[in-house]
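Q: Could you look at this predicted model? Sequence included:
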Amino acid sequence: MQKPNLDRMWETFVGMPVENNVTTVNAILDALRFKIYPLVSQLCSNGVIDWYCFLIHNRNSGVPAPQGDNNAYFHIRVSLKEDVKPDSFLKSLTDYCVMTRQVNRDWVKEISVDNKGNLFDKSMLKSEGIEDVWRTIGEQSELLLNMLSIFKANVRIPLQYIGLFFHYYFNMTQLLISCPNCGKGIRL
C-alpha cells in the first residue's frame with residue numbers, strides 16, 4: 001500500500017448494520033465482507049485510489065451526521081491517485097456511501113494516540129511524516145479485509161477464528177490490548 005497524499009484524501013461513510021437496535025460483531029464482519037471489501041477492491045482495481053483505511057465512528061468522533069443521528073458508521077478514508085478527478089471518484093461510489101467529502105489536510109496531519117489529546121510524535125519516525133502512520137493504518141485495514149476474504153461467502157465466520165488471527169498478530173509482540181475508556185486489558 002502506498003502512503004496517502006493528504007491533499008488528495010477523501011472520506012465517505014457507510015452505515016453500520018443494526019439488528020433489533022444492536023450492531024452485532026457478525027453483522028459488522030458481514031458488512032466488511034460484502035460492502036466494504038467490494039467497494040475498496042473496485043476502487044483499487046479501477047485505478048481510482050492508491051490507499052484506504054477504515055474505522056468505526058459516530059457523530060461524536062468524526063462523522064458529519066446531523067444532530068440526533070447517533071448511529072455508528074464505517075468511516076472510510078481514501079487517497080485518490082494523482083490522475084483521478086474528484087468527479088470520477090464520486091461517480092464510482094455505491095449508493096450506500098453517504099456524506100462523502102474531501103478531507104481537510106488539517107484533519108489528518110496529526111493523529112491522537114489516546115483520548116487525552118496526546119499526539120503521535122512524528123519526530124520518532126525515519127521520515128518524520130504522518131503519511132507513514134496513515135500508510136500503516138491502511139495496511140491494517142487491508143490485513144483485516146484479506147483475513148475475512150479467505151472465507152467462503154456462504155459461511156458465518158466463527159468469532160474464535162477471527163480471534164485466532166489476532167492472537168497470532170499480537171503474540172508477535174506480546175502486547176496487552178486495553179480499552180482506552182475503562183483501562184481493562186486482555187492478553188490475546
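A: Done, it's in.

Q: the bottom helix or strand of the protein by mean pLDDT?
A: Scoring the helices and strands of the chain by mean pLDDT, DSSP states H and E places strand 185-187 at the bottom, with a mean of 55.

Q: quick one: the strands in this protein?
A: Taking DSSP state E as the criterion, the chain carries its strands at 9-15, 49-57, 73-80, 97-102, 176-178, 185-187.

Q: Turn those into JSON lines, columns for mean neighbour count.
A: C-beta here means a position set from N, CA and C on the backbone, and glycine is covered the same way. Below are the strands of the chain laid out as JSON lines (neighbours: other C-beta atoms under 10 Å):
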{"stretch": "strand 9-15", "mean neighbour count": "21"}
{"stretch": "strand 49-57", "mean neighbour count": "20"}
{"stretch": "strand 73-80", "mean neighbour count": "23"}
{"stretch": "strand 97-102", "mean neighbour count": "14"}
{"stretch": "strand 176-178", "mean neighbour count": "11"}
{"stretch": "strand 185-187", "mean neighbour count": "10"}
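
Q: nearest to Ile137, of these?
A: Closest approach to Ile137 among the strands of the chain is made by strand 49-57 (4.7 Å; C-beta to C-beta).

Q: Off-centre distance for that closest one?
A: In this view, strand 49-57 has its centroid 4 Å away from the chain centroid, taken as C-alpha atoms, centre = their mean, to the nearest Å.

Q: same question for that strand, mean pLDDT?
A: For strand 49-57, mean pLDDT is 96.

Q: Could you tell me the angle between that strand and strand 9-15?
A: Between strand 49-57 and strand 9-15, the angle comes out at 40 degrees (axes from the mean of the first three to the mean of the last three C-alpha atoms, to 10 degrees).

Q: Low-confidence regions, the chain specifically.
A: 177-188 (pLDDT under 70).

Q: Select the longest helix from it.
A: With secondary structure taken from DSSP state H, the chain has its longest helix at helix 130-149.
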